[in-house]
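Participant: This is a predicted model, with the sequence first.
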Amino acid sequence: MRAASDERARVRGAQRGSVFDLEALFRTHWPRAYRAAYLVTHDAGAAEDIAQESFLAALRALDTFDRRRPFGPWLHRIVVNRAIDWTRARRLRSELELSESLPSPERNETPSGDVLAALARLPPEHRAVVVMRYLLEFTPGEIAEALDVPRGTVNSRLRRGLDTLAEEL
Amino acid sequence: MKRELERIEIPYEQGARERAWNVVQAAFADRLPVERTSRRLRPVLALAVVLAVVAAAISPPGRAVIDEIREAVGIERAQPALFSLPSSGRLLVASDAGIWVVQEDGSRRLLGDYREATWSPFGRFVVAARENELAALEPDGDVRWTLARPDVRSPHWTGSEADTRIAYVDRTGVRIVAGDGTEDRLLAAGVRGPIAWRPGAGFVLAYVTARDVRVQDVDSGRVTWRVRRAGGQSPIRALEWSSDGRLLLVLQPYGLRVYEVRGRVAAKDDPSDATQDADAAFRPGVLDAAFIRAQGSQSTVFWLATGTPLFSGTGEFDQVTWSPDGRWLLVSWPTADQWVFVRAAGARRIRAASNISEQFRSRSFPRVEGWCCAT
């Protein structure tokens, strides 16, 4: 409760022009935004761009932001949607992939972690749902609203995602 | 599962956070009503001052100030050939013989009979144009793919390691093709002018139509902003983005404009009939550019932000090109048949190489197409 009121105060401060409050919001929410973007895209450069652009988008909408709503989920919703868009838009036309002798970005960017490698094998939409549910702690209803899909779709993607992860791990 | 997701090591996290905070902080400063005015005016005022300083500098009393860095026709102590580059990276050069790659040690390789080329974003490939062909090459000259199109010009490659696009101009207008040579399509019909990708996320292209300069997201098709061409129908020689994508410089011989991303003029310069702006290039990593001002038989390179001269000589300078680290500026000096490397960071140093045309088997003075990417 205290944290929520602190965050409202920070949003109010940022709306009034306080860099201190903006920095507090940034420091609080950047790590999860970047982590979520990376876990969906598996590309550090894209994750940085997406998290950064999402903060800028949030900044542009700051004046009209309803302070009764929590800031984090609002921001993370932007991040995940942009990450999904990026992943969908990605084609097999990377600069690296032009050369067979060089590793693909996927292999290049993917550390050896088992969970990360298993996550990479999920379709991006399933990946996003898992990240939203278990990293960002959205409820299935909130995920459905954020991604504009039926709640049943969220549940089935979660189920299939977890099953696949269990098999992989 | 939550613990597992939080335990995954995310690469480059700290650097990404600091870079993002710098960008967010700058954007925040821009949006503040009180500070925004002063922040936005700061570059405008600085650049307006520049123009006054430039005007003063090229006046007779002002010239005395720059005597110490003025050279006659050519640097006397220049090397007879380009033995090496003063900074890391490789040059891409267009001459009558074709496109060349110049390594840091001065070695040169002719890629083929192309007339224009640029580096891919990370310098692993080159996109080159000849009359009716666009081609993606490796720096050793191996051709990866080609695309037959009529009267191809101005190829430019942009993107991340994961996704790239090439913009080019042909007889139909500005076209976009993916980095693997697929999905070629027309973006803007009838457009022939220069084009420039905006650095940063996404695929945003600036180009010139008969009436205006446009900035367009090529994937969504949305025109982000457009501004009416200044200087009447005088040809636009170049479009140049600052390396952070915040400023766009539009260069005409008698009208230089610097625009902010929403199309607001941050600076302008309208040289008199006696002078011309020949070329300009933003220095990597900073909101400042070097530009060439030609007056009579004299050419001078000025800093845009401060108006101070950087290098001056007799005859024509036709091009300025920054090293990838922004420490050295290459000034092309056809009158002297020299390339002059001026160190812009730290103590002033000058290195020069002569006989440039001969080394690139060219009757016309070779053109630098890019200085890219330390490897």
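Facilitator: Thanks, I have the structure now. Numbers count the residues shown, from 1 in each chain, chains lettered A, B, ... in the order given.
Participant: list the contacts for B:Ile356?
Facilitator: B:Leu82, B:Asp337, B:Gln338, B:Trp339, B:Phe365, B:Pro366 (C-beta atoms under 8 Å, 6 or more residues apart in numbering or on different chains). Where you see a C-beta, it was placed from the backbone N, CA and C, and this is true even at glycine.
Participant: Just say helix, strand or coil for the residue lying closest to A:Glu168 once chain neighbours are set aside.
Facilitator: With C-beta to C-beta, 6 or more residues apart in numbering or on different chains as the criterion, A:Glu168 has its nearest non-adjacent residue at 3.6 Å, and that residue is A:Ala118. A:Ala118 falls in the helix class when you classify it by DSSP: H, G, I helix; E, B strand; the rest coil.
Participant: Next: the one 4 residues further on.
Facilitator: Using three-state DSSP, the secondary structure recorded for A:Leu122 is coil.
Participant: okay, it: pLDDT?
Facilitator: pLDDT, the model's per-residue confidence, is 86 for A:Leu122.
Participant: From B:Asp142, how far off is it?
Facilitator: If you measure A:Leu122 against B:Asp142 using C-beta to C-beta, to the nearest Å, the figure is 36 Å.
Participant: Show me which of the two is the more surrounded one.
Facilitator: Between A:Leu122 and B:Asp142, counting by other C-beta atoms under 10 Å in any protein chain shown, A:Leu122 is the more crowded of the two (21 against 11).
Participant: got the phi/psi numbers for that one?
Facilitator: According to degrees, to the nearest 10, the main-chain angles of A:Leu122 amount to phi -80, psi 150.
Participant: Was I right to think it contacts A:Leu158?
Facilitator: No: contact between A:Leu122 and A:Leu158 fails when scored by C-beta atoms under 8 Å: they sit 10.9 Å apart.
Participant: burial count for the single nearest residue of the stretch 201-350 of chain B relative to chain A?
Facilitator: Closest residue of the stretch 201-350 of chain B to chain A, C-beta to the nearest C-beta: B:Ala201 (3.8 Å). Here the neighbour count serves as a burial measure; for B:Ala201 (other C-beta under 10 Å) it reads 18.
Participant: Setting aside sequence neighbours, what's the nearest residue to it?
Facilitator: That would be A:Asp49: by C-beta to C-beta, 6+ apart, it lies 3.8 Å from B:Ala201.
Participant: mind listing what that neighbour touches?
Facilitator: B:Ser160, B:Gly200, B:Ala201.
Participant: Mind checking what secondary structure it has?
Facilitator: helix.
Participant: Likewise for B:Val101?
Facilitator: B:Val101 falls in the strand class when you classify it by three-state DSSP.
Participant: And for B:Ala196?
Facilitator: The local conformation at B:Ala196, judged by three-state DSSP, is strand.
Participant: circling back: could you measure the residue nearest to A:Glu168 against B:Ala336, distance?
Facilitator: Here A:Ala118 is placed at a distance of 63 Å from B:Ala336 (C-beta to C-beta).
Participant: and what of B:Leu247?
Facilitator: Taking C-beta to C-beta as the criterion, B:Leu247 is separated from B:Ala336 by 31 Å.
Participant: One more: B:Asp140?
Facilitator: Distance from B:Asp140 to B:Ala336, by C-beta to C-beta: 32 Å.
Participant: mean confidence for stretch B:261-268?
Facilitator: The average of the pLDDT scores along stretch B:261-268 is 80.
Participant: what distance separates the start and the end of that stretch?
Facilitator: Using C-alpha to C-alpha, to the nearest Å, the gap from the first to the last residue of stretch B:261-268 comes to 15 Å.
Participant: List the buried residues of that stretch.
Facilitator: Taking 16 or more other C-beta atoms under 10 Å in any protein chain shown as the neighbour-count basis, stretch B:261-268 is seen to contain the buried residues B:Val261, B:Gly263, B:Ala266, B:Ala267, B:Lys268.
Participant: just checking, the third one touches B:Leu247?
Facilitator: To tie it back to what came earlier, the one meant is B:Ala266. Yes: between B:Ala266 and B:Leu247 there is a contact under C-beta under 8 Å: 6.2 Å.
Participant: need the helices for the chain, in chain order.
Facilitator: Went with chain A since none was named. For chain A, the helices defined by DSSP state H cover A:2-15, A:19-41, A:44-60, A:71-89, A:105-109, A:114-120, A:124-130, A:140-147, A:151-168.
Participant: The chain in question should be chain B.
Facilitator: For chain B, the helices defined by DSSP H occupy B:2-7, B:13-31, B:33-58, B:60-65, B:356-359.
Participant: The second one and chain A, are they touching?
Facilitator: Just to be clear, that refers to helix B:13-31. Yes: with C-beta under 8 Å from any C-beta of the partner chain as the threshold, helix B:13-31 lies in contact with chain A, specifically through B:13, B:16-17, B:19-21, B:23-25, B:27-29, B:31.
Participant: if we can go back for a sec, wait, the residue nearest to A:Glu168 sits on B:Leu5?
Facilitator: No: using C-beta under 8 Å, A:Ala118 makes no contact with B:Leu5, being 11.3 Å away.
Participant: Quick one: low-confidence residue ranges for chain B.
Facilitator: Per-residue confidence of chain B (counting by pLDDT under 70) places the weak regions at B:30-72, B:231-233, B:273, B:374-375.
Participant: So which residue of it lies furthest out from the middle?
Facilitator: Summary for chain B: using C-alpha atoms, centre = their mean, the residue whose C-alpha lies farthest from the chain's mean C-alpha position is B:Met1, with a distance of 47.8 Å.
Participant: Distance of it relative to A:Leu135?
Facilitator: In this structure, B:Met1 and A:Leu135 are 9 Å apart, going by C-beta to C-beta.
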